[in-house]
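fold the following, please.
(chains A and B)
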2 protein chains.
Amino acid sequence: MKNETITAPLGFRCGSAACGIKASGKLDMGVLVADEACTAAAMFTRNRFCGSPVTVGREYVRDGRLRAIVVNSGCSNVATGRRGVADARQTCVWVAEAIDARPTDILPASTGIIGAFLPMDKMRRGIDQAVANLSYSAAAGRKFARAIMTTDLKPKQACARVRIGKTTITLAGCCKGSGMIAPNMATMLAFLTTDAKVAARDLKRMLAEAVEPTFNRVTVDECPSTSDTVTILAGGAAGGLNSTKAKASFATALREVCDSLAYQIAADGEGATRVLEIKVSGAKTARDAHAAARAIAVSPLVKTAVHGGDPNWGRIVQALGATDVAYSPERVTVRLGNAILFRHGAPAKELNPKKLSQAMRRKHVTIAVDLAAGRVADRVLTCDFSREYIAINADYHT
Amino acid sequence: MKNETITAPLGFRCGSAACGIKASGKLDMGVLVADEACTAAAMFTRNRFCGSPVTVGREYVRDGRLRAIVVNSGCSNVATGRRGVADARQTCVWVAEAIDARPTDILPASTGIIGAFLPMDKMRRGIDQAVANLSYSAAAGRKFARAIMTTDLKPKQACARVRIGKTTITLAGCCKGSGMIAPNMATMLAFLTTDAKVAARDLKRMLAEAVEPTFNRVTVDECPSTSDTVTILAGGAAGGLNSTKAKASFATALREVCDSLAYQIAADGEGATRVLEIKVSGAKTARDAHAAARAIAVSPLVKTAVHGGDPNWGRIVQALGATDVAYSPERVTVRLGNAILFRHGAPAKELNPKKLSQAMRRKHVTIAVDLAAGRVADRVLTCDFSREYIAINADYHT
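Sure, this is the predicted structure:
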């Protein structure tokens, strides 16, 4: 079987360990190491109470160069002040010493409980163990994808291969979504690798372009984490992108990988039983298209209706009505799958509640809104809203 | 026992009926009639898919004069186009004929399922019955408060008496909160009566000033209804407000009545087991104070933590971090009740999880955030977030 994990691109090794940060004894430490220093780019949360690893990561990736990633689950090192930042730097020092690299070429990431300091003795032991079992194998890639999970039910991985002339470029990634430890906030961490040779400034631009329509269009509970991090390392072992066409192919593949990972996050949202895709067309501006789709995607009333398979479309127009996007209520059309629910300011005559309820019980439910105010479209992915979400977030104590 | 219902002020009668709009056979029609035309003011939802009664009500109250209110529960007459507006006008015509008033002196209101037309035969029968049993009694006031309920568990009423010179002015109100029929969206309807004589322009201003810090500071699921309506009728039978001091006393009483009703809405929010009050101080601007409090109040992570009695304060800073309000994270202090959770950018040293968990299990939980960025304060009331919310909104089908 072909390696489709984060070690699929040439020149990347992974190591993992269970060092006791998670009380469950599951994998909680991962190290990803490139054979050589890579060009690199990263995007971080805009939450102003950002984690200490985010503060350090922002600084270290600024020169567009990384050699390794060190990530732990079980403790997010957020709201931990100066000590937290010093701890994040120290983990980079330990990895750097172990692989003979510069500490500033290591990107740290943490996910888990907020407001607790990293257990540095466990971190040290975990890093040593993870570095000791570094491997190019698919098994190592799969273990890494599990080591970054919190209450994710499934590891999330994606891989794409692009033929450019005679060479094959490989792109791969893994991510974690909305999970809690004990419990804590939903955090998105995504790590991407490629063996293409890409200039740092191109990588930065392409990453931003890939993240915007994918990771930035997923919401589970509309609570932006303090730790969100997406990063890509480009090693170059397979060859360069020497033409505009090659770059475009690479950018497309990068977006596809991000798209797959983002979809997996929605599907594995806390308590999720189905994916809900909100498509908006006919918006006057890009901002309007995004705002309208997001307003519907974050509505607990829409999300609980979808959970119950209840074609309660009034909740969709309610959510839309609460926004300030440009449209005229009489011209708006709302569809569930292929069926029209609402147009000309009134319920569609042909509504069939039974069929609609069936359409709402699919694994993937699409709500499409045509604002008839312009030509811009957008979409947002989310999941339904279940008792399980409440259970995950209310019952298991810190 | 003193009358503390909406018929407590002199000159107001209520009638109610169960006319079959609700399948349960419960009260679903209420009529409130003043002996004489009153000065009146009303505030409505800003949701742009507003209900047909809101469209009609806005028009009828513009002259600052009303004689009666007609309200049904079970069908909100929202997203029903021109036919919906015509139906709302017709209900006013029927009431006007029955009490010998002008149709434009009747304010219509509806709450319940969205996207269904009013069952006009039942409406007609209900209006006839309600008018036939109009009464000044407290029992009639209590029945009216029940007739406007949807899935509210309790009727919500408040009353205040103000001594001005030798006369006593009475102010009363009732409201409904976040309830669903079958199910549908949370709707706030509030009706206020007084026997003070107040000029329409004063009433409008005082109502706006009373609504802003009370009804506009409650959120259950942050889904602004298409039908929200707050209205006040001032009959004048008890006497006028002839001094600045008298007006101020009246304004204070009005705010107290609104405050009590708003609190009852939070306490009876869908699935609520406790009230959560978010207080923000030290904000740079009024907008910032409100935005910070609201960001915490709407966070499903905060609301589920409070439901579980879990002092997971990381979620509070996460919610704050996602806003654009002015503060420096190192200067923010977060308190739960009297206990400090977070300051100087790190967890408070004296944290006692057991005590905090107890503090979170009270009927009224207060989270206080000092932004240390200015002098403005605000607060928002909400409730915890439980499985019951999901059950109410996902399980009972339309």
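
I'd say residue A:231 and residue A:70 touch.
No: with contacts counted by CB atoms under 8 Å, residue A:231 stays clear of residue A:70, the gap being 11.8 Å. The way it works is simple: take the backbone N, C-alpha and C, and place the C-beta from them, glycine included.

identify the contacts common to these two.
Listed as contacting both residue A:231 and residue A:70 by CB atoms under 8 Å, 6 or more residues apart in numbering or on different chains are A:107, A:109.

okay, the two: which has more neighbours?
Using other CB atoms under 10 Å in any protein chain shown, the more surrounded residue of residue A:231 and residue A:70 is residue A:70, with 27 against 24.

the helix or strand of chain A with the lowest mean pLDDT close to chain B?
Lowest by mean pLDDT, DSSP states H and E among the helices and strands of chain A is helix A:387-390, with a mean of 77. Yes: using CB under 8 Å from any CB of the partner chain, we find that helix A:387-390 touches chain B at A:387, A:389, A:390.

and the residue of chain A most remote from its centre, what pLDDT?
Centroid-distance maximum for chain A: residue A:349 at 40.2 Å, with CA atoms, centre = their mean. Residue A:349 is assigned 77 on the pLDDT scale.

burial count for residue A:154?
By the criterion of other CB under 10 Å, residue A:154 has 12 neighbours.

now do the one 10 residues further on
In terms of burial, residue A:164 registers 19 neighbours under the definition other CB under 10 Å.

ramachandran angles for it?
Dihedral angles of residue A:164 (phi, psi; degrees, to the nearest 10) stand at phi -120, psi 110.

equivalent analysis for residue A:234, please.
Dihedral angles of residue A:234 (phi, psi; degrees, to the nearest 10) stand at phi -110, psi 110.

same thing with residue A:237?
Main-chain torsions, residue A:237, degrees, to the nearest 10: phi -60, psi -30.

next up, the contacts around it.
Residue A:237 neighbours (CB under 8 Å, 6+ apart): A:9, A:10, A:11, A:35, A:195.

look up how far residue A:59 lies from residue A:20.
Residue A:20 sits 29 Å away from residue A:59, going by CB to CB, to the nearest Å.

tell me which of the two has more neighbours.
residue A:20 (17 against 12).

grab the nearest non-local neighbour of the closest residue to chain B within the stretch 1-150 of chain A.
At 2.6 Å from chain B, residue A:114 is the closest residue in the stretch 1-150 of chain A, using CB to the nearest CB. Leaving aside its sequence neighbours, residue A:114 sits nearest to residue B:314 (CB to CB, 6 or more residues apart in numbering or on different chains; 2.6 Å).

roughly how far apart are that neighbour and residue B:320?
Distance of residue B:314 to residue B:320, given as CB to CB: 11 Å.

which residues do those two both contact?
The contact sets of residue B:314 and residue B:320 do not overlap (CB under 8 Å, 6+ apart).

the residue nearest to residue A:114 against residue A:80, yeah?
No: using CB under 8 Å, residue B:314 makes no contact with residue A:80, being 10.3 Å away.

now for the two: what residues contact both?
In contact with both residue B:314 and residue A:80: residue A:115, using CB under 8 Å, 6+ apart.

the closest residue in space to residue A:313 that isn't next to it in sequence: what's it in contact with?
Leaving aside its sequence neighbours, residue A:313 sits nearest to residue A:341 (CB to CB, 6+ apart; 4.1 Å). For residue A:341, the contact set (CB under 8 Å, 6+ apart) comprises A:311, A:313, A:316, A:334, A:335, A:347, A:348, A:351, A:356.

who does the host helix or strand of residue A:341 pair up with?
Assigned by DSSP states H and E, residue A:341 falls within strand A:339-343. Neighbouring strands of strand A:339-343 in its sheet, by DSSP bridges, are strand A:333-336 (antiparallel), strand A:346-347 (antiparallel).

which SSE is immediately downstream of the shortest one?
Toward the C-terminal end, the helix or strand that comes next after strand A:346-347 (DSSP H and E) is helix A:353-360.

so where's chain A shaky on pLDDT?
Within chain A, the ranges that satisfy pLDDT under 70 run A:178-187, A:220-224, A:395-398.

scan it for its longest strand.
When chain A is parsed with DSSP state E, its longest strand is strand A:29-44.

in that strand, what's buried?
Buried positions in strand A:29-44, judged by neighbour count with 16 or more other CB atoms under 10 Å in any protein chain shown: A:29-34, A:37-44.

from residue A:334, how far off is the residue nearest to residue A:313?
Residue A:341 is 5 Å from residue A:334, by CB to CB.

now do residue A:6
From residue A:6 across to residue A:334, the span is 40 Å (CB to CB).

who has more neighbours, the two?
Higher neighbour count among residue A:6 and residue A:334: residue A:6, with 29 against 21, using other CB under 10 Å.

about what we covered before: mind listing the shared neighbours of residue A:341 and residue A:334?
Common neighbours of residue A:341 and residue A:334 (criterion: CB under 8 Å, 6+ apart): A:313, A:316.

what segments of the stretch 151-300 of chain A are helices?
With helices called from DSSP state H, counting those that start in this stretch, the stretch 151-300 of chain A shows them at A:200-211, A:244-267, A:286-298, A:300-308.

looking at those helices, which is buried most?
Across these, averaging neighbours per residue (mean count of other CB atoms under 10 Å in any protein chain shown) puts helix A:300-308 on top, at a mean of 27.

just the CA trace of that one, in PDB.
Output of helix A:300-308 as PDB, limited to C-alpha atoms (Å, rounded to 0.1, in the frame of the first residue of the first chain):
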ATOM      1  CA  PRO A 300     -27.700  26.500  16.800                       C
ATOM      2  CA  LEU A 301     -31.300  26.500  15.600                       C
ATOM      3  CA  VAL A 302     -30.300  25.500  12.100                       C
ATOM      4  CA  LYS A 303     -27.800  23.000  13.400                       C
ATOM      5  CA  THR A 304     -30.200  21.300  15.900                       C
ATOM      6  CA  ALA A 305     -32.900  21.200  13.100                       C
ATOM      7  CA  VAL A 306     -30.400  19.400  10.900                       C
ATOM      8  CA  HIS A 307     -29.600  17.100  13.700                       C
ATOM      9  CA  GLY A 308     -33.200  16.200  14.200                       C
END
